[in-house]
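# Build me a structure from this.
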Amino acid sequence: MTTTSPTDVRPDPPHPAADDRSLTEFGYRQELHRSLGRYASFAAGFSFISVLTTVFQFFAFGYAFGGPVFFWAWPAVLAGQLLVAACFAELAARYPLSGAIYQWSSRLSTPSFGWFAGWIMVIGQIVVVAAAALALQMVLPAIWSGFQLIGTDPSPVSPDGAANAALLGMGLLVLTTLLNVVDNRVMSVVNRVGVTAEIIGAVLIVVLLLTHSERTPGITFHTTGAAQSGLFGALAVGSFTAAYVMIGFDSAGEMSEETHNPRRTAPRTILTALGAAGLLGGLIVLGGLLAAPSLADGHLAVDGLSYVLTSSLGDGVGKLLLADVVVAIAVATLAIQTAACRMLFSMARDGQLPFSARLARVNPRTGMPSAPALVVGVLAAALLLLDFASPDAFLAIGTTCIVMLYLAYAMVTGPLLVRRLRGGFPSAGTDETGAPLFSLGRWGVPVNALALLYGLLMTVNLAWPRAAVYDPAGGHWYFRWFTVLFLAATLATGAAYRAYRARTTVPAPAVAETAAV
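Modelled structure (predicted):
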């Protein structure tokens, strides 16, 4: 096993292409196929966010606990995540490498701190893959009852629905794993087509819902029917929906080694992917609240937006749009799995994981690291087995993945803020075209500080062990504490591996960090 860390330099003959300067100066050689343009880079970030997947999956939860007022958590979360995305855009311009969170954190702090950021991120991504695959249950049975293969109750929080969600999710994971092995050009085509279909579908849904409104936007100031008492409680728990939707925009950075002109392209697509998804998602949430036949009959808190589409727009149009949501879910699961694969590949390339040599191997014909795809697919499928144990696992899996990613993000924005305050963050430089790198300039420190504060507050909010949220039926204390326990187990496992590796590996001589620009 190699002992190279992300701050080590492994000289390689310079590649004549300007794109490959992004790798040779960091001591890496070009192994992944660089075939993605600007739209494909945008699609990587947008499809991870996948506004249709995530809004349809968590709308019912947000409404059940927050009532109509949960809508206002949306612009608040979007503003907070835009602060984080602006910091990431700067980093994508200076460190255009796969395994973005791991690479950025390692170069801003220490290799050990960066390793834990990457470890938390990749485990979180695997949990997100499982959570995204579960979203099929919110849509497929609403299209055709034959998709309810287990039992009769399609609700994902019922025993029948939870078990069926796991079964459907496993089928989807087989498909996405195969696509992550085949070829990155095939994967890119599927991603671009899927994202295009999702954007068109999202726009149509917004237009149709707003033109079928039953009430005025003033309803969004009401907490009627909210399970959480008080405005603050309704917004705090209702924010889970927006928090779940607006993660993964860093995927454009994850795909930097496969993107043309990554220093110029990735920063822009990180921001545009989040901005587009945030705008469309907010309008869909608003449209769903305005067009729902009733806010008090209980359907909206159980069946969510699927109920609104089929009841307000009719079975024909409603089910056609739901079919588009199925495409979005499949593409989202594919994109999230791809991002997790690139994180595993990046860490393994530095010899930082068990079986690194195998995980870092890239098929020269396809340009894809096959082993990480299989690892992510198998582990995500194993998580789905929790749904057979209890329907409460649906929410536990969803909130756990958000906390993991939020914490990993804070492990980047925190060291970045320290580096800025010490005056060690490179603000100058040019991209592949000779244009200045994306920079926040004098706004860097306040934006960074607010991004870190927001991320830490949301992490605590999401992980707080609320019995009414995580164990409503009682008797499952481990689901109430699932996020905290899962995070503790992740950190303990990582620490144990690091300790074992320190005892069995001869340390390599320290080498100064390469220039970022």
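# Return the distance of the helix or strand A330 falls within from the chain's centre.
A330 belongs to helix 315-349 when assigned by DSSP states H and E. Its chain's C-alpha centre and that of helix 315-349 lie 10 Å apart, by Cα atoms, centre = their mean, to the nearest Å.
# Please state the mean pLDDT value computed over it.
What helix 315-349 shows for mean pLDDT is 92.
# List the buried residues of it.
318-319, 321-322, 324-349 (16 or more other Cβ atoms under 10 Å). Where you see a C-beta, it was placed from the backbone N, CA and C, and this is true even at glycine.
# Same check on stretch 458-474?
For stretch 458-474, the neighbour count (16+ other Cβ under 10 Å) marks 458-459, 461-463, 466, 469-472 as buried.
# got any ranges where the stretch 401-517 of the chain has weak pLDDT?
Applying pLDDT under 70 to the stretch 401-517 of the chain flags residues 473, 505-517.
# From W74, how far off is D303?
When distance is defined by Cβ to Cβ, to the nearest Å, D303 is 20 Å away from W74.
# neighbour count winner among those two?
Neighbours were counted for D303 and for W74 using other Cβ atoms under 10 Å; W74 has more, 26 against 19.
# Next one: that one, what pLDDT does it get?
W74 is assigned a pLDDT of 95 by the prediction.
# is it true that it touches L279?
No: here W74 lies out of contact with L279, judged by Cβ atoms under 8 Å, at a distance of 10.1 Å.
# which strands and helices sit next to the helix or strand following the helix holding A330?
Using DSSP H and E, the next helix or strand after helix 315-349 towards the C-terminus is helix 356-359. With contacts defined as 3 or more Cβ pairs under 8 Å, 6 or more residues apart in numbering; DSSP states H and E, the packing partners of helix 356-359 are helix 315-349, helix 370-384.
# is it possible to export these to a markdown table including distance to R503?
Output for these, formatted as a markdown table (distance: least, Cβ to Cβ, whole Å):
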| stretch | distance to R503 |
| --- | --- |
| helix 315-349 | 20 |
| helix 370-384 | 24 |
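# what angle separates the helix or strand harbouring V308 from helix 315-349?
Element membership for V308 (DSSP H and E) is helix 304-312. Interaxial angle of helix 304-312 relative to helix 315-349 (axes from the mean of the first three to the mean of the last three Cα atoms, to 10 degrees): 160 degrees.
# Give me the contact list for helix 304-312.
When contacts are defined by Cβ atoms under 8 Å, 6 or more residues apart in numbering, helix 304-312 is touched by residues 55-56, 59-60, 63, 138-139, 142, 205, 209, 212, 214, 284, 288, 291-293, 299-300, 317-319, 321-322.
# From those residues, keep the buried residues only.
55-56, 59-60, 63, 138-139, 142, 205, 209, 212, 284, 288, 291-292, 299-300, 318-319, 321-322.
# Restricted to helices, list those.
Counted as lying in helices by DSSP state H, out of these, are 55-56, 59-60, 63, 142, 205, 209, 284, 288, 291, 318-319, 321-322.
# among those residues, which two are most distant?
Y63 and K319 (21.6 Å; Cβ to Cβ).
# State whether A165 and S155 are indeed in contact, as I suppose.
No: with contact defined as Cβ under 8 Å, A165 does not reach S155; the gap is 9.8 Å.
# out of these two, which sits in the busier spot?
A165 (30 against 19).
# Report the contact partners of the more buried one.
A165 makes contacts with 134, 136-137, 156, 384, 387, 394, as judged by Cβ under 8 Å, 6+ apart.
# coming back round to it: of the buried residues of stretch 458-474, which is the nearest to Y406?
Using Cβ to Cβ, T459 comes nearest to Y406 of the buried residues of stretch 458-474, at 4.5 Å.
# Quick check: the closest one vs T399, distance?
Distance from T459 to T399, by Cβ to Cβ: 11 Å.
# Can you tell me how far the closest residue to F221 other than its chain neighbours is from V237?
Spatial nearest neighbour of F221, excluding adjacent residues (Cβ to Cβ, 6 or more residues apart in numbering): V69 at 6.3 Å. Distance from V69 to V237, counting by Cβ to Cβ: 11 Å.
# can you list residues touching both of those two?
Joint contacts of V69 and V237 (Cβ under 8 Å, 6+ apart) do not exist.
# Looking at those two, which has the bigger crowd around it?
The neighbour comparison of V69 against V237 (other Cβ under 10 Å) goes to V237, with 25 against 20.
# Can you name the helix or strand that the more buried one falls in?
helix 231-245.
# which secondary structure elements does that helix contact?
helix 51-66, helix 73-94, helix 262-291, helix 393-421, helix 444-463.
# Output that helix as CSV, restricted to C-alpha atoms.
The C-alpha coordinates for helix 231-245 follow below in CSV (Å, rounded to 0.1, in the frame of the first residue of the first chain):
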residue,chain,number,x,y,z
LEU,A,231,-43.3,28.9,14.7
PHE,A,232,-39.7,28.2,15.6
GLY,A,233,-40.3,24.4,16.0
ALA,A,234,-42.2,24.2,12.8
LEU,A,235,-39.5,25.9,10.8
ALA,A,236,-36.6,24.0,12.5
VAL,A,237,-38.1,20.6,11.6
GLY,A,238,-39.7,21.8,8.4
SER,A,239,-36.2,22.9,7.2
PHE,A,240,-35.2,19.2,6.9
THR,A,241,-36.9,19.1,3.5
ALA,A,242,-34.9,22.0,2.1
ALA,A,243,-31.7,20.8,3.8
TYR,A,244,-32.1,17.4,2.2
VAL,A,245,-32.7,18.9,-1.2
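# So what touches stretch 400-408?
The contact list for stretch 400-408 (Cβ under 8 Å, 6+ apart) reads 101, 105, 117-118, 120-121, 123-125, 127-128, 130-131, 240, 243-244, 247-248, 455, 458-459, 462-463, 482-483, 486-487, 490.
# Quick one: end-to-end distance for stretch 420-429.
Stretch 420-429 has an end-to-end distance of 16 Å (criterion: Cα to Cα, to the nearest Å).
# And for stretch 127-145?
Distance between the two ends of stretch 127-145: 28 Å, counting by Cα to Cα.
# buried residues in that stretch?
Across stretch 127-145, burial judged by 16+ other Cβ under 10 Å covers 127-143.
# Find me the pLDDT at I126, would you?
I126 is assigned 94 on the pLDDT scale.
# How much space separates it from N261?
From I126 to N261 the distance is 30 Å (Cβ to Cβ).
# Neighbour count for the two, which is higher?
Using other Cβ under 10 Å as the criterion, I126 and N261 rank with I126 on top: 25 against 19.
# Can you report how many residues lie near the residue nearest to that one when sequence neighbours are not counted?
For I126, ignoring the flanking residues on the chain, the nearest one in space by Cβ to Cβ, 6+ apart is L379 at 5.0 Å. L379 has 17 neighbours, counted by other Cβ under 10 Å.
# where does L379 land on pLDDT?
95.
# from now on call the first residue 46
Yes, from this point I'll number from 46; that puts the last item at L424.
# For G169, see how far away it is.
Per Cβ to Cβ, L424 is found 12 Å from G169.
# Quick one: neighbours of A281, just the number.
Applying other Cβ under 10 Å, we find 21 other residues in the vicinity of A281.
# can I assume it is in contact with Q273?
Yes: if you go by Cβ under 8 Å, A281 and Q273 touch, sitting 7.3 Å apart.
# Kindly calculate the angle that the helix holding V282 makes with helix 307-336.
Using the same axes, to 10 degrees: helix 276-290 against helix 307-336 is 130 degrees.
# Now do the next helix or strand after helix 276-290: which elements does it pack against?
With elements assigned by DSSP H and E, the helix or strand that comes after helix 276-290 is helix 296-299. Applying 3+ Cβ pairs under 8 Å, 6+ apart, one finds that helix 296-299 contacts helix 83-94, helix 118-139, helix 307-336, helix 360-394.
# 10 Å instead?
helix 83-94, helix 118-139, helix 145-153, helix 156-179, helix 307-336, helix 360-394 (3 or more Cβ pairs under 10 Å, 6 or more residues apart in numbering; DSSP states H and E).
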